[in-house]
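Undergrad: quick one, structure for this:
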Amino acid sequence: MPRPSTRRRTVSPAWHSHLPSAASGVRARPVLLTLLAVLAATGLPCLAHAQVIRVDQRSRKVWLVNRDSTELTNGDDVELARSRTATIELSNTNSALYRCTVADTETSVPALDSLKSFLKVLGPYATDLSSAFGTRGAAQGRLLETARPADSASIALRDLLEELHGDAGVYQARALALSVLDSVRTSAFDTLRLRNALDGGRFCNDQDCTRLKPVVAVTRSLGRLDRAVQHLQELVNKLENDPAVSRDTVARYNALLVEVRKPLDDESTILDFAYDTERLYLAAWRATPTVACKSLSIAWNTGRDFTIDVVPASSPLLARIATDEPFTFKARLLPHWALRPTLGISLLYADDAVYRKFGSAKFGASDSVAVISTGTDDQRLNYAVMLSLIAYENAHSGFSIAPVEILANPIDQLKSIGVGAGIGYRLLRLGVGYVWFKHSELDAQTIGQHLSTADELATTDTYHSGKMYVSVSVTGVPPFVRN
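TA: Residues are numbered from 1 along each chain as shown. Next up, the predicted model:
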């Protein structure tokens with residue numbers, strides 16, 4: 001009865017003696033690092049200006065502005081081929097009425113995920129073969145130089161009312177800003193024309209409009225009014241204690257005191273209104289049709305998931321003018337790899353992949369045995385996990401070219417590794433190359449050789465003698481796609 005081999009060695013002759021092996025102490029890490037280095041070198045984008053992701057609020061469309069503009073859709077993977085930075089920009093908007101926020105988180109690169117998954121499959125081979133306004137302080141205001149406190153208080157009250165309700169007052173600035181913003185809320189506008197409509201010479205304190213003149217004047221007038229009221233109060237106190245002064249006169253001064261004190265009782269409300277108007281006016285003055293929302297940076301091995309939200313301004317008053325519905329856009333920013341890894345499953349055929357099995361048979365009447373062939377191990381039709389490195393892919397036709405395809409079979413009894421190239425159409429790929437199957441060969445023995453005992457039969461596992469193969473593969477389907 002033929003006896004199978006009982007003594008096996010892990011000798012790797014010929015070409016595969018240079019593959020990582022347990023005997024040589026080389027592990028999977030060098031393989032991983034080498035493959036990552038090659039892919040990183042091919043995938044590094046050249047240094048260039050940041051690319052722009054432009055959100056058009058009027059059309060509610062999003063574009064990647066490169067050499068050509070490409071329209072994006074919700075959920076797209078946006079690959080940056082010429083830069084590692086993208087600036088998200090909101091256009092055809094009004095920065096006074098709408099704000100753009102961007103929330104982003106780091107994400108892995110699908111191509112790198114595919115590579116890592118394949119290296120896990122390749123692991124068994126490695127063991128055999130690695131980002132207020134100006135000072136509000138109350139204006140000091142010069143002391144009113146007047147000999148009559150009543151006149152001083154009346155003048156201070158008149159000035160305050162003029163700065164609030166006059167032609168160049170706070171109310172006029174507020175009404176004009178609202179009117180101008182309302183006229184451009186749904187149409188394109190020119191910044192210079194908008195500023196001309198706001199009549200900056202009447203309301204702004206300087207050419208850059210850093211403060212609103214009537215607001216600054218209101219704070220000063222309140223200070224002057226407060227001092228005038230104190231002087232008037234002192235006068236009233238003296239008059240009330242002077243028997244020579246008629247009661248009618250005292251009553252008139254008291255009535256005046258009550259009148260001029262009212263703005264001071266409402267000082268907080270007046271100041272809040274004035275500063276709110278200043279914020280409104282300056283927002284209109286600084287309004288632009290384009291807003292730089294945020295810049296996002298990625299690396300060769302990491303991307304970013306991001307969400308763009310275009311919403312009305314936080315001010316309730318401005319939000320009432322901002323009639324456009326909120327707009328949200330989500331996508332993923334990824335680096336562009338010149339060779340993009342993708343995983344799949346392959347059915348391959350290697351015409352000559354038939355290997356002999358060895359054993360021993362008793363020879364004659366003695367205890368000696370002879371080395372014999374006990375059959376064949378047919379591995380012509382096989383399957384493997386495939387890592388395809390795609391260099392060209394037409395998104396419209398679905399045609400692709402992969403100059404490198406690596407195949408590996410994770411089953412110990414059918415362990416194999418192959419290298420080839422292929423072309424693809426959508427999910428299907430056709431490949432050709434060479435594959436090396438793990439099989440047994442005699443170790444320094446020959447068929448028919450006589451051995452003293454069956455235990456002397458020696459075989460070794462090897463990947464010797466690569467075979468040409470053709471393969472049909474399926475990619476981009478579970479479990480070879482990321483959720």
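Undergrad: give the buried residues for stretch 64-80.
TA: Buried residues in stretch 64-80, defined by neighbour count with 16 or more other C-beta atoms under 10 Å: 64, 72, 76, 78, 79, 80. C-beta here means a position set from N, CA and C on the backbone, and glycine is covered the same way.
Undergrad: I'd like the mean pLDDT over that stretch, please.
TA: Throughout stretch 64-80, pLDDT has a mean value of 88.
Undergrad: how far is that stretch from where the chain is centred?
TA: 13 Å (C-alpha atoms, centre = their mean, to the nearest Å).
Undergrad: just the CA trace of that stretch, in PDB.
TA: Only the C-alpha atoms of stretch 64-80 are listed here, as PDB (Å, rounded to 0.1, in the frame of the first residue of the first chain):
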ATOM      1  CA  LEU A  64     -15.400  71.200  -8.100                       C
ATOM      2  CA  VAL A  65     -13.400  74.000  -9.800                       C
ATOM      3  CA  ASN A  66     -10.300  72.500 -11.400                       C
ATOM      4  CA  ARG A  67      -9.000  73.000 -14.800                       C
ATOM      5  CA  ASP A  68     -12.600  72.200 -15.700                       C
ATOM      6  CA  SER A  69     -15.600  72.600 -13.500                       C
ATOM      7  CA  THR A  70     -17.300  69.400 -12.500                       C
ATOM      8  CA  GLU A  71     -20.700  69.300 -10.900                       C
ATOM      9  CA  LEU A  72     -20.900  67.300  -7.700                       C
ATOM     10  CA  THR A  73     -23.900  65.500  -6.200                       C
ATOM     11  CA  ASN A  74     -24.700  64.600  -2.600                       C
ATOM     12  CA  GLY A  75     -22.600  61.800  -1.300                       C
ATOM     13  CA  ASP A  76     -19.900  62.000  -4.000                       C
ATOM     14  CA  ASP A  77     -16.300  61.000  -3.300                       C
ATOM     15  CA  VAL A  78     -14.300  64.100  -4.400                       C
ATOM     16  CA  GLU A  79     -10.700  63.200  -5.400                       C
ATOM     17  CA  LEU A  80      -8.100  66.000  -5.300                       C
END
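Undergrad: what's the helix or strand for residue 360?
TA: strand 354-362 (DSSP states H and E).
Undergrad: packing partners of the helix or strand following that strand?
TA: From strand 354-362 onward toward the C-terminus, using DSSP H and E, the following helix or strand is strand 369-378. Counting contacts by 3 or more C-beta pairs under 8 Å, 6 or more residues apart in numbering; DSSP states H and E, strand 369-378 is packed against strand 354-362, strand 439-442, strand 450-451.
Undergrad: right, and the ones you listed - which one's nearest residue 272?
TA: strand 439-442 (86.8 Å; C-beta to C-beta).
Undergrad: now the closest one: how far from the chain's centre is it?
TA: 53 Å.
Undergrad: can you list the strands that that strand pairs with?
TA: Strands adjacent to strand 439-442 in the sheet, as given by DSSP bridges, are strand 458-462 (antiparallel).
Undergrad: pLDDT of the strand it pairs with, averaged?
TA: What strand 458-462 shows for mean pLDDT is 90.
Undergrad: and what of stretch 327-341?
TA: 92.
Undergrad: next, the distance between the ends of that stretch.
TA: By C-alpha to C-alpha, to the nearest Å, the extent of stretch 327-341 from end to end equals 34 Å.
Undergrad: same check, this time on stretch 308-328
TA: 6 Å.
Undergrad: and the residue nearest the centre of the protein?
TA: For the chain, residue 304 is the residue whose C-alpha lies nearest the centre (C-alpha atoms, centre = their mean; 3.0 Å).
Undergrad: low-confidence stretches in the stretch 151-300 of the chain?
TA: 185-188 (pLDDT under 70).
Undergrad: report the buried residues of the helix or strand containing the residue nearest to the centre of the chain.
TA: Assigned by DSSP H and E, residue 304 belongs to strand 302-312. Neighbour-count burial for strand 302-312, counted by 16+ other C-beta under 10 Å, picks out 303, 304, 306, 308, 310, 311, 312.
Undergrad: returning to that earlier point: who touches the strand holding residue 360?
TA: Under the criterion C-beta atoms under 8 Å, 6 or more residues apart in numbering, residues 1-5, 368-380, 437, 439-440, 442, 447, 451, 454, 457, 459 lie in contact with strand 354-362.
Undergrad: buried subset of those residues?
TA: Buried among these by 16+ other C-beta under 10 Å: 2-3, 5, 369-372, 379, 437, 439-440, 442, 451, 454, 457, 459.
Undergrad: quick one, helices of this structure?
TA: Listed in chain order, the helices of the chain (DSSP state H) span 28-43, 110-128, 149-165, 170-183, 191-197, 200-203, 213-240, 247-265, 267-285, 316-321.
Undergrad: could you dump those helices into JSON lines with mean neighbour count and distance to residue 343 added?
TA: Listed next are those as JSON lines, based on neighbours: other C-beta atoms under 10 Å; distance: least, C-beta to C-beta, whole Å:
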{"stretch": "helix 28-43", "mean neighbour count": "15", "distance to residue 343": "14"}
{"stretch": "helix 110-128", "mean neighbour count": "19", "distance to residue 343": "5"}
{"stretch": "helix 149-165", "mean neighbour count": "19", "distance to residue 343": "71"}
{"stretch": "helix 170-183", "mean neighbour count": "19", "distance to residue 343": "54"}
{"stretch": "helix 191-197", "mean neighbour count": "14", "distance to residue 343": "52"}
{"stretch": "helix 200-203", "mean neighbour count": "16", "distance to residue 343": "62"}
{"stretch": "helix 213-240", "mean neighbour count": "19", "distance to residue 343": "64"}
{"stretch": "helix 247-265", "mean neighbour count": "14", "distance to residue 343": "75"}
{"stretch": "helix 267-285", "mean neighbour count": "19", "distance to residue 343": "52"}
{"stretch": "helix 316-321", "mean neighbour count": "15", "distance to residue 343": "49"}
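Undergrad: switch those helices over to CSV; also include distance to residue 359.
TA: Putting the helices of the chain into CSV (distance: least, C-beta to C-beta, whole Å) gives the following:
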stretch, distance to residue 359
helix 28-43, 34
helix 110-128, 23
helix 149-165, 109
helix 170-183, 92
helix 191-197, 90
helix 200-203, 100
helix 213-240, 101
helix 247-265, 111
helix 267-285, 90
helix 316-321, 86
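Undergrad: sorry, back to before: what mean pLDDT does the strand holding residue 360 have?
TA: Computed over strand 354-362, the average pLDDT equals 91.
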